[in-house]
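A.B. asks: The following comprises the amino acid sequence and a computationally predicted model.
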Amino acid sequence: MDAQNKIQNKYKDRIRELKAGLGSKLIILTHHYQNKEIVELGDYVGDSFGLARRAAADTSAEYIVFCGVHFMAESAAILARPGQSVQIPDVEAGCWMADMADPFIVERTWQELSDFFGPESMLPISYMNSEAEIKAFCGRNQGLICTSSNAAKAFSRALEQRERIFFLPDQYLGLNTADKLGIPREEIVVWDPGLPLGGNSSENLAKSRIVLWKGHCLVHTRFSQEQIEEVRKSRPGAKIVVHPECTPEVVALADAAGSTDFMIKYVENSSPGEEVVIGTEFNLIHRLQTQYRDRTILPLSRSICPNMAKIDLQKLCHTLESPGRTNVVTVDKDLKEQAKLALERMLALSS
């Protein structure tokens, strides 16, 4: 055993010891995109919203440690019960896409759009992958949050209430969702906050029903049409499934597109011996390869989120050494209440 493995095993042993000492007071949440070693030491693995809800529903947990990026820990803090603290092993584990929607600029844009269309014309929808201030912005403006799983339902519900949707921060999830609903492209515009009228003519803006913030996920926009075409040539029998944060061109060429849970179920429902090529973060694909050895699971391209990778054994161990004290994630009371309103409106979609 080399020195690096010895160090890693030392941290693993210490983490298990700390977990045992804290017992039911501690819950460790691990996102699908965390590496295998972190996932194995966690209590639950899943997407950001599902994990946050699970922690809030745990009546024993006092300490919630979220192994993911910062907006996910914020979501857990928004939903946390009184007496629960939320920690993240690395406060610098951010999200590029979430950072593309600066709250001040979003507010300024909202005012500009309200002046252009009229104050009661639009409803804001934010993807779950956004900071607490953006969720709160939606909450106080009658808007809601969505996930990649329920985005189409959120869009449909919003268009029943208002003429237009202002969607942020991921233009590609928004565009793929609008395409799924059959909304014509001439009724969709992308808003670049650095340009007058977001880079649109007043005529095009006036015709729009969907205004998309110019943001994207760097992990999922690494996948290309050329990569899919190469798979079709080299593995003609393979099925290709991608995340809806990919570009519309990639989604159109794939056999299926859906959330992380959708992709997991897609593999689960595939047959032994079948080939499935997946366009998402590599750590999830690697675990599926390990779990389903009787079928061929391949990445469309090896795309890794460096922010997710900031969570490691050493940082997790350090966090557990100081339960409720190190790297605590908090959300201002007013923002928390406003963000909860937007989340509750999302939950009402299923009713």
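C.D. replies: Looks like it came in fine.
A.B. asks: give the contact list for the nearest residue to Met308 once chain neighbours are set aside.
C.D. replies: Closest residue to Met308 apart from its sequence neighbours, by Cβ to Cβ, 6 or more residues apart in numbering: Tyr33 at 4.5 Å. For every residue, glycine as well, the C-beta is placed using N, CA and C. Residues counted as contacts of Tyr33 (Cβ atoms under 8 Å, 6 or more residues apart in numbering) are 68, 281, 283-284, 305, 308.
A.B. asks: again, 6 Å this time
C.D. replies: 281, 283, 305, 308 (Cβ atoms under 6 Å, 6 or more residues apart in numbering).
A.B. asks: State the phi and psi torsions of it.
C.D. replies: phi -90, psi 0 (degrees, to the nearest 10).
A.B. asks: what does the model give it for pLDDT?
C.D. replies: Tyr33 is assigned a predicted lDDT (pLDDT) of 96.
A.B. asks: these two touch, right, Pro323 and Val65?
C.D. replies: No: using Cβ atoms under 6 Å, Pro323 is not in contact with Val65, being 8.2 Å away.
A.B. asks: higher neighbour count, the two?
C.D. replies: Val65 (30 against 19; other Cβ atoms under 10 Å).
A.B. asks: circling back: between the contacts of Tyr33, which sits nearest Pro272?
C.D. replies: Asn283 (23.6 Å; Cβ to Cβ).
A.B. asks: Check the secondary structure at that closest one for me.
C.D. replies: helix (DSSP: H, G, I helix; E, B strand; the rest coil).
A.B. asks: what do you get for Phe166?
C.D. replies: strand.
A.B. asks: That one bridge partners, please.
C.D. replies: Pro124, Val211 (DSSP bridges).
A.B. asks: residues contacting it?
C.D. replies: 122, 124, 211.
A.B. asks: So which of those wins on neighbours?
C.D. replies: Neighbour-wise, the contacts of Phe166 (other Cβ under 10 Å) top out at Pro124, 26 neighbours.
A.B. asks: In the stretch 1-150 of the chain, what residue spans correspond to strands?
C.D. replies: For the stretch 1-150 of the chain, strands defined by DSSP state E, counting those that start in this stretch occupy the ranges 26-31, 44-46, 63-67, 85-87, 122-127, 144-146.
A.B. asks: Adjacent strands (with direction) for the last one?
C.D. replies: Put plainly, it is strand 144-146. strand 122-127 (parallel).
A.B. asks: now the partner strand and strand 164-168, what's the angle there?
C.D. replies: Relative orientation of strand 122-127 and strand 164-168, computed by axes from the mean of the first three to the mean of the last three Cα atoms, to 10 degrees: 30 degrees.
A.B. asks: for the record, mean pLDDT for strand 122-127?
C.D. replies: Rounded mean pLDDT across strand 122-127 is 97.
A.B. asks: can you list the contacts of Tyr33 in JSON lines and add pLDDT?
C.D. replies: Listed next are those as JSON lines, based on pLDDT from 0 to 100:
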{"residue": "Glu281", "pLDDT": "97"}
{"residue": "Asn283", "pLDDT": "95"}
{"residue": "Cys305", "pLDDT": "95"}
{"residue": "Met308", "pLDDT": "96"}
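A.B. asks: Please convert the buried members of those residues into PyMOL selection syntax.
C.D. replies: In PyMOL, this line selects whichever of those come out buried by 16 or more other Cβ atoms under 10 Å:
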select buried, resi 281+283+305+308
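A.B. asks: Present the contacts of Tyr33 as TSV; the columns should include distance to Ile15.
C.D. replies: TSV is the format used below for these (distance: Cβ to Cβ, whole Å):
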residue	distance to Ile15
Glu281	23
Asn283	18
Cys305	22
Met308	18
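A.B. asks: burial count for Val242?
C.D. replies: Neighbour tally, Val242, other Cβ under 10 Å: 26.
A.B. asks: Just want the most central residue of this protein.
C.D. replies: Central residue of the chain (Cα atoms, centre = their mean): Asn129, 4.3 Å from the mean position.
A.B. asks: How far does the helix or strand of the chain with the lowest mean pLDDT sit from its chain's centre?
C.D. replies: Least confident helix or strand of the chain, by mean pLDDT, DSSP states H and E, is helix 48-57 with a mean of 84. The chain centre lies 13 Å from the centre of helix 48-57; the measure is Cα atoms, centre = their mean, to the nearest Å.
A.B. asks: tell me the angle the longest helix along the chain makes with strand 63-67.
C.D. replies: Looking across the chain with DSSP state H, the single longest helix is helix 3-22. Angle, helix 3-22 to strand 63-67, by the same axes, to 10 degrees: 150 degrees.
A.B. asks: quick one: helix 3-22 to chain centroid distance?
C.D. replies: 29 Å.
A.B. asks: for the record, mean pLDDT for it?
C.D. replies: Per-residue scores along helix 3-22 average to 91.
A.B. asks: just stretch 105-113 next, same as before
C.D. replies: 97.
A.B. asks: Any chance you could list what contacts it?
C.D. replies: Pro193.
A.B. asks: Going along the chain, name the helices of the stretch 201-350 of the chain.
C.D. replies: 202-207, 225-234, 248-253, 260-268, 282-291, 313-321, 333-347 (DSSP state H, counting those that start in this stretch).
A.B. asks: same for the third one, what does it pack against?
C.D. replies: So that's helix 248-253. helix 171-180, helix 225-234 (3 or more Cβ pairs under 6 Å, 6 or more residues apart in numbering; DSSP states H and E).
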